[in-house]
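> here's a sequence, model it:
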Amino acid sequence: MFDDLTEKLESFFRILRGRGKLTEDNIRESLREVRRILLGADVNFKVVKQFIADVEERAVGAEVLKSITPGQMVIKIIHGRLVELLGGTHTPLDISGEPPVVVMTAGLQGSGKTTFCGKLAKRLQKKGKKPMLVAADIYRPAAIEQLKTLGASLGVEVFSIPGDVLTIGREALKEAARKGCDPLIFDTAGRLHIDEAMMNELAALKAVIKPKEILFVADGMTGQDAVKSAQAFEQRLNLTGIVLTKLDGDARGGAALSIRAVTGKPIKFIGVGEKLDDLEPFYPDRIASRILGKGDIVSLVEKAQEQVDLKQAEKLALKLRQADFTFEDFLDQMQQIKNIGSLGDILKMIPGAGNKIKAAQLDENALQRSEAIILSMTRQERNNPQIINGSRRLRIAKGSGTSVQEVNQLLKQFEQMKKMMKQFSQRGRKSVRGMPF
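Numbers count the residues shown, from 1 in each chain. Alright, predicted model coming up:
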């Protein structure tokens, strides 16, 4: 997400920081480069024009020109304006009120509405809610089956009956009240393009179910087309928020930077992967920091808290201090890291680490190879790696689809890590004994 935009802005900022003195002329020259970068990222041209004008107005002030680090001041101004452009503050999903509260999705076909409904249901489930999914897309082949499959994987109720959309809406409200489900999440029909029949049906459904939230689900890969579609849906439905999907692909980021400014509606969620956990609440300040290459340590910590078993982590920490950990522990740790995200995504969220990813030539498959090798070991071998002789190494290599050299390398690294932790542990004990309490 935003990789190309981030790379170009970081390159530009390095040049800007290197300038010892800034004048009104070279600030304007610099902002022309920012304009080209944003337009290249498919940001709406009117949004770019206003953005540059606002930054220029603030950047040519005396505070910047007389600053000891004028380049840093301009970057700070760009960051602040970017946060404003993205909405300023986080706008959470509003599901307060008399149950059952209704969340209605809208959008074109293929934007990811059905998958988003499943992701949202899982997110609300984790917060102690009892959501119900409503299959209101009666036109797309297999849409109802897809929703039922998602519901079954989550253990979430899916309401589906034959009939027209309005009947489905009325009966879903009754069923939710009867079963104590809240909120209701409506998966509605889309088309390949905006047409009057679809809009009329959505408007009629809105009148029947009276949704608290109407979320427009936009495919982030479609760029400015997503912005135009959002405008059309806003005019008919009065949206309460935007969801941007598929931002884990090669989206240039233009839709995310334009859609809030053009529609006036907050972005509430972004889809960053295919798994049901890959849904993030949208925080303008955090996204702005990611775009400018500053990382997003807060989101990383939140992800870790959601995915990492704290009790298991405490046990591992004790084993590490005692140099008593095994390949079983190593495997558990790798699987928890995988739940947080890829190594590349994790590093991008660490301030200052993003620039070093390419330089380090990060091998995303390294964890997968290590995991395959460990899984090819018996439980006895994982707990006692010293018994792994030549024939066992050959068997493990064949079972994991790796080479004997790679198995040897992992075993060597593991032993080195144990020795290192033992040394640290011994030094720590000596230091404690030597402290004058």
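
> right, and the helix or strand after the worst-scoring helix or strand of the chain on mean pLDDT?
The least trusted helix or strand in the chain, going by mean pLDDT, DSSP states H and E, turns out to be helix 356-360, with a mean of 48. Following helix 356-360 in sequence order, the next helix or strand is helix 366-375 (DSSP states H and E).

> quick check, R81 in a strand?
No - assignment of R81 by DSSP: H, G, I helix; E, B strand; the rest coil gives helix, placing it outside any strand.

> the strands in the protein, which residues?
Using DSSP state E, the strands of the chain run over 102-106, 132-136, 157-159, 184-188, 213-219, 241-245, 267-271, 279-281.

> make JSON lines out of these and add distance to R392 and mean neighbour count.
For every residue, glycine as well, the C-beta is placed using N, CA and C. Below are the strands of the chain laid out as JSON lines (distance: least, CB to CB, whole Å; neighbours: other CB atoms under 10 Å):
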{"stretch": "strand 102-106", "distance to R392": "53", "mean neighbour count": "26"}
{"stretch": "strand 132-136", "distance to R392": "49", "mean neighbour count": "26"}
{"stretch": "strand 157-159", "distance to R392": "48", "mean neighbour count": "20"}
{"stretch": "strand 184-188", "distance to R392": "51", "mean neighbour count": "28"}
{"stretch": "strand 213-219", "distance to R392": "50", "mean neighbour count": "25"}
{"stretch": "strand 241-245", "distance to R392": "46", "mean neighbour count": "26"}
{"stretch": "strand 267-271", "distance to R392": "44", "mean neighbour count": "23"}
{"stretch": "strand 279-281", "distance to R392": "43", "mean neighbour count": "19"}
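
> CSV for these, including mean pLDDT and distance to F13?
Below are those laid out as CSV (pLDDT from 0 to 100; distance: least, CB to CB, whole Å):
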stretch, mean pLDDT, distance to F13
strand 102-106, 95, 38
strand 132-136, 95, 44
strand 157-159, 95, 48
strand 184-188, 95, 41
strand 213-219, 93, 29
strand 241-245, 92, 25
strand 267-271, 92, 24
strand 279-281, 90, 25
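
> please produce JSON lines containing those, extended by distance to M199.
What follows is the strands of the chain, written out as JSON lines (distance: least, CB to CB, whole Å):
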{"stretch": "strand 102-106", "distance to M199": "9"}
{"stretch": "strand 132-136", "distance to M199": "15"}
{"stretch": "strand 157-159", "distance to M199": "24"}
{"stretch": "strand 184-188", "distance to M199": "11"}
{"stretch": "strand 213-219", "distance to M199": "12"}
{"stretch": "strand 241-245", "distance to M199": "18"}
{"stretch": "strand 267-271", "distance to M199": "22"}
{"stretch": "strand 279-281", "distance to M199": "27"}
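
> quick one: low-confidence parts of this protein?
Applying pLDDT under 70 to the chain flags residues 1-3, 17-22, 61-71, 249-253, 293-324, 337-364, 421-437.

> now the helices for the stretch 251-400 of the chain?
Counting by DSSP state H, counting those that start in this stretch, the segments of the stretch 251-400 of the chain that form helices are 254-263, 284-291, 297-307, 310-321, 327-340, 343-348, 356-360, 366-375, 379-383, 390-400.

> picking up where we left off before, so for T23, which of the strands of the chain sits nearest?
strand 267-271 (36.5 Å; CB to CB).

> contacts for the closest one next, please.
Residues from elsewhere that reach strand 267-271, judged by CB atoms under 8 Å, 6 or more residues apart in numbering: 1, 86-87, 91-93, 112, 115-116, 119-120, 215, 220, 241-248, 256, 259-260, 278-282, 287.

> just how off-centre is it within its chain?
Relative to the centre of its chain, strand 267-271 is centred 9 Å away, using CA atoms, centre = their mean, to the nearest Å.

> that one to helix 254-263, inter-axis angle?
160 degrees (axes from the mean of the first three to the mean of the last three CA atoms, to 10 degrees).

> return the angle between stretch directions for strand 267-271 and helix 284-291.
Using the same axes, to 10 degrees: strand 267-271 against helix 284-291 is 40 degrees.

> measure A230 to F282 for me?
From A230 across to F282, the span is 14 Å (CB to CB, to the nearest Å).

> oh, that last question was meant for H193, not what I typed.
H193 is 26 Å from F282, where distance means CB to CB.

> which of those two has more neighbours?
Ranked by neighbour count (other CB atoms under 10 Å), H193 and F282 place F282 first, with 22 against 10.

> run through the bridge partners of the residue lying closest to that one once chain neighbours are set aside.
Residue nearest to F282 in three dimensions, not counting chain neighbours: I267, with 4.3 Å by CB to CB, 6 or more residues apart in numbering. Note on I267: beta-bridge partners by DSSP bridges are I242.

> what do you get for the one 4 residues further on?
For G271, the beta-bridge partners under DSSP bridges are L279.

> nearest to the spatial middle of the protein, which residue is it?
V272 (4.1 Å; CA atoms, centre = their mean).
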